[in-house]
Structure formats: structure tokens, C-alpha cells
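Enquirer: Here is a sequence with its predicted model. Questions after.
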Amino acid sequence: MSSTWLASLGQQNISGILLRGASMGGKFLLILFLTKTSSLETVGVYGLFVTSVTLVNYLQGMAFFTYSEREILAVNQDERNRLIFNQMVFYLGVYAMLFPATLVIFYSGLISFELICYFYAILVVTHLGQELHRLLILFLATTRAYVVSFFVQGAWAIVAILVLLVFPGNALQVVFLCWGVSAFVGLLIGVLSLRKLGYLRQSTWKDLEVGWIVRGVKTCWRFLLAISAYKVVEFSDRYFLNIYHGDLSVGVYTLYSRFANLAQEIVYVCVIAIVFPKMLAAFKQSDMLGYKRHLDKLKHSLVRYSIVSTIASALIFIAVLSFLDKEELVVNLAAFWLLLIASLLVCLSQVYYYALYAWGRDREIMWQMVLAMCVNIVLNILLVPGLGVHGAALASLVSFSLLLVIRYQSAVKLNVLINDNEK
């Protein structure tokens, strides 16, 4: 397995993978640091803050990039500048409508008003940084794109640990300040990089094309609904736990999830990010033999890496339990095992998701996500009040089990897996 992976890795942007790994590692170390040096309640507030930023970031983007990227690639550079301007104007409009609605997070008491300035500043710089990262990838400036992503997604965690080691203080404010500043630096790097490539030149309101924006919204709504539904399945449990059991339970659950989801991150970086682009390219070129070959490679690699990384996650977590020395983590340990199994099922279901995605089965993907979301919300309502973190973990396990089954059934029914005799 390792020789195959190394051969594939040699064809990829190694610096990008290393920076992505550093981002993951930084956030992983940060949550360990907060758990060891602060209370689990603090970890709970941190987890709910990060979850809220992640969910709102998806709504900020409205999945508009799925439309704009194809449009931008189809025109010359002058037209590209005009379309990028329209895309940014669209995002400003979304901010104006979305941000007032998100105040409910603070008025409901989910997050303290003390963190409101950090919240909205981070929302803006992280979202715009992600969008500039996508544009740099689109224009083949991959190394610069990965640097932008590193500052937006992970450098802040490493800096926050170093700052707190030297100047212990209000851990959450230090973390969020480092996050905002780091993401802003990433945003500046993205702006300068795009300007160096000849983009982000001066535009005027005469360049605004409302019809183009409206067509984009009509095009991307289905993908937005699908990804929003999936994120609800992934993160809604934190809110139910906060409502019924408070920050302590959210802190326990956040740490469990961080370790359980490690397998998903490893699988994405080591398998999906390498194999899927080749699989998609083969399909777009009507090369069914190549598509089937890469699909088989994706399937076999996913199984191997999922199992190995899941076992590794379990062993690492057991090893750090004594180091963290938190009784609540031991008492609720069964929830971790449920989340670990749920994460394994997510990894295994990805082969069917990416096969459906390659074939453009957006409608099926959307309804699968919506069904899983509805089941997840109902289960959280029924289970979390009485079972706490165990109920939330069980709701996740059932939801992702359902998602695996319906993804598999849909992939078989629509024949996106291609039988050997049909190659």
C-alpha cells in the first residue's frame, strides 16, 4: 500500500499536502492543549464557536463557486475580472442578509456576546480567504493557494499555542484573535497573488451583471442544499448538547469528535485528493476503462486507509486519555467508540458519493443528504435530552449508517460503479 501511495504522491503537489497536514496537526494539537490547560467547558465553547463559523461559512458561499468556476474558465482574462467582481458583490449581498440572522446565535445564549466581534471578523476573512484559495487553484497557482489555505485554516492554531505558552491568559480570546489575524494574512496573500496574475483589477458598478448572478443562484441551489444538509448531520449534535446539557458536554463531545474524525481527514488527504481528480478527468473524457480503474483504486484504498486510520485514531486516543487526566472523558468513553464507528462508515461511503458526483447525480445526492439530516434531527431531539453525549453519538451513528446504505443503493441502481462486463 505504501509504495502505491508514494508513487501517486510523487505526482502531486507535495508542498500542498504538507501544508494541509500541518493545518490538521495544528488544530489537533490546539484542542489537546486547551483540554489539558483549560476546562472542558472552555473546549465546549471553542467547539461551538468553530462549528458555528464552519456552518455559516458554507451559507456565506452559497455554493456559488460550483457555478462561477465553470463560467470563469470559459472566458478571457478581462471577462474573468468582471465575473470575479460580480462574484464578490454577490457575497457582499449574502453577508448583508445573512449576518443579521446569525445574531440569534448570541441572543439565544449559544455563544457569549463577548465573542461577537471575533465571530464576524473571522467569518469574513475565512470565507473570502477560502474563495481566493479556490480562484488560485483555478488559475493553477497551486502553491500560493495552499499557502493561503494554511494561514486561513491552520497556522493560527500553532501560533495560538505558542502565544499561550509564553503569555497565559484568556485562552479563547487569544485563540480567536490569532485565528482572525492569521486568516487576514492569508487573505492578503491571496489578494496579492491574484493581482500578480493580473486579476482583481479595478472594476466599476457598470460591470455588475445581476442576470449572471441570478443564473448562478438557480444553478447552485441544489448543491448548497445538499452540503448544508450534510453539515447539519455533522454538527447539529453540538447545539442539542449545549441546549440540554451545557458547555461541559459539548467539550467532551468536541474532543471525541476531533479524534474520531481524524480518519476522515487522513483518507481525504492520502486517497481522495489524489485519486478522485483522475477518476473525474477520465469520466469527463468518456474513458470508461480509466474511470473504472481509478474507481477501483479509490474503493480499495478507501477501505485500507479507513481501517488503518480508524485503528490508529483509537490507539492515539487511548494513549492521550491518561495525559489529559479528565474524568469526564473516561466516564463517557462509550460515546467515543460510537463516533469512531460512525466516522469509519463515512469514509467507506465516500466511494459511492464520489461516483455519484462524477456522474452528475446532484439530485440523488441532495435527497440523500436531506433524508439523513431529517433522521439526524429527529434522533437528536429524542436521544440527547436523556442520553447526553451518548445520545448524540448514537444519532450520528444511525444517520451515517443510513447515508452509507442509501448511497450504496443509489450507486448500484444508477450503475455508476460500472460492472466489469460493462467496461
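Expert: The structure has been received and is ready for your questions. Residues are numbered from 1 along each chain as shown.

Enquirer: can you give me the strands in the protein?
Expert: Assigned by DSSP state E, the strands in the chain number zero.

Enquirer: Can you pull out the low-pLDDT segments for it?
Expert: The chain contains residues with pLDDT under 70 at 1-13, 419-423.

Enquirer: Just give me the residue closest to the centre of it.
Expert: Nearest residue to the geometric centre of the chain (Cα atoms, centre = their mean): T54, 7.4 Å.

Enquirer: Now for it: which residues touch it?
Expert: Contacts for T54 (Cβ atoms under 8 Å, 6 or more residues apart in numbering) come out as 231, 235. For glycine as for every other residue, the C-beta is placed from the backbone atoms N, C-alpha and C.

Enquirer: same check, this time on F283
Expert: Contacts of F283 were listed using Cβ under 8 Å, 6+ apart, and they are 291, 358-359.

Enquirer: Go again with 10 Å.
Expert: By Cβ atoms under 10 Å, 6 or more residues apart in numbering, the residues touching F283 are 290-292, 294-295, 355, 357-360, 416.

Enquirer: Between the residues you listed, which sits nearest H133?
Expert: Y357 (20.2 Å; Cβ to Cβ).

Enquirer: count of neighbours near the nearest residue to that closest one once chain neighbours are set aside?
Expert: Nearest residue to Y357, sequence neighbours excluded (Cβ to Cβ, 6 or more residues apart in numbering): I365, at 6.6 Å. Other residues within reach of I365, judged by other Cβ atoms under 10 Å, total 23.

Enquirer: One more: the one 10 residues further on?
Expert: Taking other Cβ under 10 Å as the neighbour definition, V375 ends up with a count of 17.

Enquirer: Does it touch V398 like I think?
Expert: Yes - counting by Cβ atoms under 10 Å, V375 does reach V398; the two are 6.9 Å apart.

Enquirer: any idea where the helices of the stretch 251-400 of the chain begin and end?
Expert: All helices of the stretch 251-400 of the chain, identified by DSSP state H, counting those that start in this stretch, fall at 262-267, 273-284, 288-324, 327-331, 333-358, 362-387, 389-413.

Enquirer: The longest one to helix 273-284, inter-axis angle?
Expert: Here helix 288-324 points in a direction 160 degrees away from that of helix 273-284 (axes from the mean of the first three to the mean of the last three Cα atoms, to 10 degrees).

Enquirer: List the buried residues for helix 288-324?
Expert: Across helix 288-324, burial judged by 16 or more other Cβ atoms under 10 Å covers 290-292, 294-299, 301-302, 305-306, 309-310, 313-314, 317.

Enquirer: Kindly report the same for stretch 90-108.
Expert: 90-91, 94-95, 102, 105-106.

Enquirer: With respect to S249, which of those is nearest?
Expert: Checking the buried residues of stretch 90-108 against S249 with Cβ to Cβ, the nearest one is I105 at 18.1 Å.

Enquirer: List the residues that contact the closest one.
Expert: Listed by Cβ under 10 Å, 6+ apart, the contact set of I105 reads 48-49, 52, 55-56, 111, 115-116, 119, 239.

Enquirer: Keep only those of those residues that are in helices.
Expert: Among the contacts of I105, DSSP state H puts 48-49, 52, 55-56, 116, 119, 239 in helices.

Enquirer: Can you tell me which of those residues are buried?
Expert: Buried members of these, scored by 16+ other Cβ under 10 Å, are 48-49, 52, 55-56, 119, 239.
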